[in-house]
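Trainee: what shape does this take:
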Amino acid sequence: MAEDNKSSSAGSSELEELVAASDTGARKLTGLPNKLLMGTAAAWSLFQLWIASPLPFMVGFGVFNATEARSIHLAFALFLAFMAYPAFKSSPRERMPLADWVLGAVAAFAGLYLYLFYEQLAQRPGNPILQDVIIGIIGLVLLLEATRRSLGPPLMIVALVFIVYSLAGPYMPGLLSHGGVSLEGMVNHQWVSTQGVFGIALGVSTSFVFLFVLFGALLDKAGAGNYFIKLAFSLLGRFRGGPAKAAVVASGMTGLISGSSIANTVTTGTFTIPMMKRVGFTSEKAGAVEVAASVNGQIMPPVMGAAAFLMVEYVGIPYIEVIKHAFLPAVISYIALFYIVHLEALKMNMKGLESSNPIRPLLNKLLGFLTGLIVVMALCAGVYYGLGWLKPLLGDTTPWIVAAVVAVVYVGLLKVASRYPPLEVDDPNDQNVKMPQTRPTLMVGLHYLLPVVVLVWCLMVERFSPGLSAFWATVLMIVIILTQRPLLGMFRQHGDMGAATKEGFIDLWEGLVGGARNMIGIGIATAAAGIIVGAVSQTGVGLVLAGVVETLSMGNLLLMLLLTAVLSLILGMGLPTTANYIVVSALLAPVVVTLGEQSGLIVPLIAVHLFVFYFGIMADVTPPVGLASFAAAAVSGGDPIRTGFQAFYYSLRTAALPFLFIFNTDLLLINVSLMEGIVIFIVATLAMLIFAAGTQGYMLVRNRWYESVMLLLVAFTLFRPGFWMDMVQAPYRDIAPAQFEQALGNADEDSNLRVRIEGLDAYGSPTSYVMSVPVPEGDTAAERMQNLGLMLMEDEGRTIVDMTTFGSPAEKLGFQFDQEIVSVQAPVSGWAKEWMWIPGLAVFLLVVLLQQRRRNATSKPAVAA
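Mentor: Got it, this is the predicted structure:
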């Protein structure tokens, strides 16, 4: 027993070291330096809250433009990186060497340079003076060093390679050579302009990401993390493999407030992994379940990882659209992981944990759940339509009245919470830990959901920007942190109000500091990744790499996607998710879209970016450098490599989803109605559960090899029914290009024509691609052509684009003068692809019957005995 405690403490210390080194910095200062570190971090958080609030515009003071805000943001990140992260493993942890003080101060000045000299720089755009060049070189060098300290060598090396490539272009071999750029030109582009380090990525970190990370840190500091874990265990702990199921749900809820795989793994895993081991999971499987669940937290709306906010800028769609497209795959993935855990529990005949919850019949539970769901839906509908009716009536006073209502609800929820005992943080290694009762656990923390509701409301109903939405949710979170202890003490009629208030301020201070320290790595990563994006835009290397990848894939889109996935996984072994996403999306996302067009498949840009995002996240799992797997292994005491491989095996569902939604964009809810979305959700969830049963080798009983194959075939059919239906009947019929106008007139208004175009691209090289042309409104073919804004001409049997109307749909689609339309395809009205679900479900039913017969056969002797 003593040895167990010893190993547990060793694991805890190793875990703390790993988390600190990867997320907040391994240096543990004392005295005045520590106060300076914490004060700087808190000042960064307060600065971000200030620029996100409407206060600067109301008081006419402290208004910063985007470039100035990015400059100050990077200065904070650089200074804190040199303070929080030691240079080497052998460097002192308790004190800060003089060299680091100097480097931190110089780096902060270089970061502030655009803010301090903004007016002078604005007067000489593109013409840097010697001072600009010197500061830029110093800034780039110190940024690379900060990157090495906070994120490890890989991202630093990749960024350095792109800098060298920019300067040494003429000396590069063959295809990789380019005209090269001067040192002054490179420094100006990377440091003095907003094309490199201070580009879109750092802008997103400044405007959106920081506030969401701060919001999550404050919510966790208030006690929401412990609440989510307790609630999940109270609901699921006593079922088969209950702790693992609770880990999946708790990690999904924690994913709402955390964009970090490692932080999610540590927050929930410290409690869930020992519990999983207690009911029979091996160390590696317990760690792998937690890793698979925690990594998926980054794809869980509404608070996804930093990469989700970058999509807003790169794809050019509102954040609410990103959430809509990402929602279905994320939920399906979590449901499938829950089912995988259930299958593991069935395989090993596991039991649940002892529970103090009264056992209720299934019908009563179902009725209770449905009643609660109906009440919540009715409240949501009442609030939504009630506010919609009250807004015009109340006018400018609406925000104040809404704030008053939120305050009343908050106080009411605290009053309810005060009737139940407060949640304690249990020791997971204590053998006497029992599952808490569901009702008291649920009621005592309902007020933690209010900020999440406000965040979702601002994002999805009010359509505020992500930054402003996070600001108002954070403001409410600050109010909760400061007031929850005093109010609960007052309602419970015990406790010192002064001490409770003081504890609230301490929690707020630690939350502000923790949020900023969690942001150091993200701020540095977005700045360093900006070097790569800047080099791509300055040298055109993206086109070169695109040509190389296209050559390797031999024009095959599936092979191209596999190469993209492998590249994401390889880069992700050393790059954080955000930097990985920036690099791969900048280099390969346009190539995948173009290659899809050439292959006749219209791939929406958001689908490609989510594809890259998913595989960037998978890199946190994949050995040999899956940091989340190492963190989980430090908790479980298992082997990190085996934990990583097991987690990857559990994550196959997450790896399969991106390929599926590239070829079936219905999964991303693109151009589908509400009812279609509901049907797609049900069928896709069933398909993913069948996929999980096929890959795990177990459903009702252990699969035979042919049953696994049949299950995978069924899952593919449910996900992509069009693959088989296209073999039965062609979805399009060919039409002569000269009859384009007639085809447009005969097509239904809600349909699309597929048109293959040949011509020259922007660089004068021959190109060929397919575009989807929506049929515009109009009673006649000529009227529809006019509304489309396209004019064609016949030239020796060739159909040529003569002109497109400025600002017309045709111009936006990409029709250009002198392009040739070589083929036109019109949709065929035939059987819906969904009919293929019937034979797929019939095969599934056959597998169920086969397994049911085997299960009955094995259970008969036991019954007879």
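Trainee: low-scoring stretches of the stretch 151-300 of the chain, by residue?
Mentor: 255-261, 263, 267 (pLDDT under 70).
Trainee: residue boundaries of the strands in the protein?
Mentor: For the chain, the strands defined by DSSP state E cover 732-735, 752-760, 766-774, 790-795, 798-804, 820-827.
Trainee: now for the second one, which elements pack on it?
Mentor: In this structure, strand 752-760 makes packing contacts with helix 740-746, strand 766-774, strand 820-827, judged by 3 or more CB pairs under 8 Å, 6 or more residues apart in numbering; DSSP states H and E. Every C-beta, even on glycine, is put in place using the N, C-alpha and C of the backbone.
Trainee: go on, the first one?
Mentor: With contacts defined as 3+ CB pairs under 8 Å, 6+ apart, the packing partners of strand 732-735 are strand 820-827.
Trainee: closest one to Thr282 among the helices and strands packed on strand 752-760?
Mentor: Proximity to Thr282, assessed across the helices and strands packed on strand 752-760 by CB to CB, is greatest for strand 766-774 (49.7 Å).
Trainee: and that closest one, what's buried?
Mentor: Thr767, Tyr769, Val770, Val773 (16 or more other CB atoms under 10 Å).
Trainee: just send those back as a markdown table, with pLDDT and distance to Met710 too.
Mentor: Output for the buried residues of strand 766-774, formatted as a markdown table (pLDDT from 0 to 100; distance: CB to CB, whole Å):
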| residue | pLDDT | distance to Met710 |
| --- | --- | --- |
| Thr767 | 74 | 43 |
| Tyr769 | 76 | 38 |
| Val770 | 79 | 34 |
| Val773 | 83 | 40 |
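Trainee: just give me the closest of those residues to Val406.
Mentor: Val773 (47.6 Å).
Trainee: check contacts around that closest one.
Mentor: Leu744, Asn752, Leu753, Arg754, Val755, Leu788, Leu813 (CB atoms under 8 Å, 6 or more residues apart in numbering).
Trainee: can you pull the poorly scored residue ranges out of the stretch 751-865 of the chain?
Mentor: Using pLDDT under 70, the stretch 751-865 of the chain drops low at 761-765, 859-865.
Trainee: repeat the analysis, applying 80 as the threshold.
Mentor: 751, 760-772, 812-814, 828-832, 858-865 (pLDDT under 80).
Trainee: quick one: the helices in the stretch 401-550 of the chain?
Mentor: 438-444, 449-460, 466-492, 497-539, 541-553 (DSSP state H, counting those that start in this stretch).
Trainee: no, scratch that, I was asking about the stretch 1-150 of the chain
Mentor: 2-19, 31-52, 55-59, 66-84, 98-116, 118-123, 130-151.
Trainee: any chance of JSON lines for those helices, columns mean neighbour count and distance to Ser205?
Mentor: Below are the helices of the stretch 1-150 of the chain laid out as JSON lines (neighbours: other CB atoms under 10 Å; distance: least, CB to CB, whole Å):
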{"stretch": "helix 2-19", "mean neighbour count": "13", "distance to Ser205": "21"}
{"stretch": "helix 31-52", "mean neighbour count": "18", "distance to Ser205": "10"}
{"stretch": "helix 55-59", "mean neighbour count": "11", "distance to Ser205": "19"}
{"stretch": "helix 66-84", "mean neighbour count": "24", "distance to Ser205": "7"}
{"stretch": "helix 98-116", "mean neighbour count": "19", "distance to Ser205": "13"}
{"stretch": "helix 118-123", "mean neighbour count": "12", "distance to Ser205": "19"}
{"stretch": "helix 130-151", "mean neighbour count": "21", "distance to Ser205": "14"}
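Trainee: compile these into a markdown table and extend it with columns for distance to Val479.
Mentor: Compiled in a markdown table, the helices of the stretch 1-150 of the chain are given as follows (distance: least, CB to CB, whole Å):
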| stretch | distance to Val479 |
| --- | --- |
| helix 2-19 | 29 |
| helix 31-52 | 13 |
| helix 55-59 | 16 |
| helix 66-84 | 25 |
| helix 98-116 | 31 |
| helix 118-123 | 35 |
| helix 130-151 | 32 |
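Trainee: how many neighbours does Gly60 have?
Mentor: Per other CB atoms under 10 Å, the neighbour tally for Gly60 reads 7.
Trainee: hang on, the earlier thing: Pro392: which of the helices of the stretch 401-550 of the chain is closest?
Mentor: It's helix 449-460; of the helices of the stretch 401-550 of the chain, that one is closest to Pro392 (CB to CB) at 18.3 Å.
Trainee: what's the angle between that closest one and helix 466-492?
Mentor: 160 degrees (axes from the mean of the first three to the mean of the last three CA atoms, to 10 degrees).
Trainee: helices or strands up against helix 449-460?
Mentor: Taking 3+ CB pairs under 8 Å, 6+ apart as the contact cut, helix 449-460 packs with helix 210-222, helix 319-347, helix 398-417, helix 466-492.
Trainee: among those helices, which is nearest Phe79?
Mentor: When these are compared (using CB to CB), the closest one is helix 210-222, at 15.2 Å.
Trainee: so how far is that closest one off the chain centroid?
Mentor: Offset of helix 210-222 from its chain centre (CA atoms, centre = their mean, to the nearest Å): 16 Å.
Trainee: identify the residues contacting it?
Mentor: Contacts of helix 210-222 (CB under 8 Å, 6+ apart): 45, 48-49, 52, 73, 225, 257-259, 267, 303, 309, 448, 451-452, 455, 466-467, 470-471, 473-474, 477-478, 480-481, 484, 507-508, 510-512, 514-516, 518-519, 522-523.
Trainee: of the residues you listed, buried ones?
Mentor: 45, 48-49, 52, 73, 225, 257-259, 267, 303, 309, 448, 451-452, 455, 466-467, 470-471, 473-474, 477-478, 480-481, 484, 507-508, 510-512, 514-516, 518-519, 522-523.
Trainee: now, which of the contacts of Val773 sits nearest Arg148?
Mentor: Looking across these and measuring by CB to CB, the closest to Arg148 is Leu813, at 45.4 Å.
Trainee: leaving aside the residues next to it on the chain, what's closest to the closest one?
Mentor: Met771 (5.7 Å; CB to CB, 6 or more residues apart in numbering).
Trainee: the one you found touches Lys812, doesn't it?
Mentor: No - counting by CB atoms under 8 Å, Met771 sits too far from Lys812 to count as a contact (10.8 Å).
Trainee: related to what we said a few turns ago, save the helices and strands packed on strand 752-760 as TSV, and put in distance to Arg240 too.
Mentor: Shown next, in TSV, are the helices and strands packed on strand 752-760 (distance: least, CB to CB, whole Å):
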stretch	distance to Arg240
helix 740-746	58
strand 766-774	48
strand 820-827	48
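Trainee: and of these, who's closest to Gly180?
Mentor: Among the helices and strands packed on strand 752-760, strand 766-774 sits nearest to Gly180 (CB to CB), with 26.8 Å.
Trainee: hey, C-alpha coordinates of the closest one in CSV?
Mentor: C-alpha atoms of strand 766-774 as CSV (Å, rounded to 0.1, in the frame of the first residue of the first chain):
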residue,chain,number,x,y,z
PRO,A,766,-3.7,25.8,-68.3
THR,A,767,-6.4,24.7,-65.8
SER,A,768,-9.5,22.5,-65.7
TYR,A,769,-12.1,22.4,-63.0
VAL,A,770,-15.7,21.7,-62.2
MET,A,771,-18.0,24.2,-60.7
SER,A,772,-21.5,23.9,-59.3
VAL,A,773,-23.8,26.5,-60.8
PRO,A,774,-27.0,27.3,-58.8
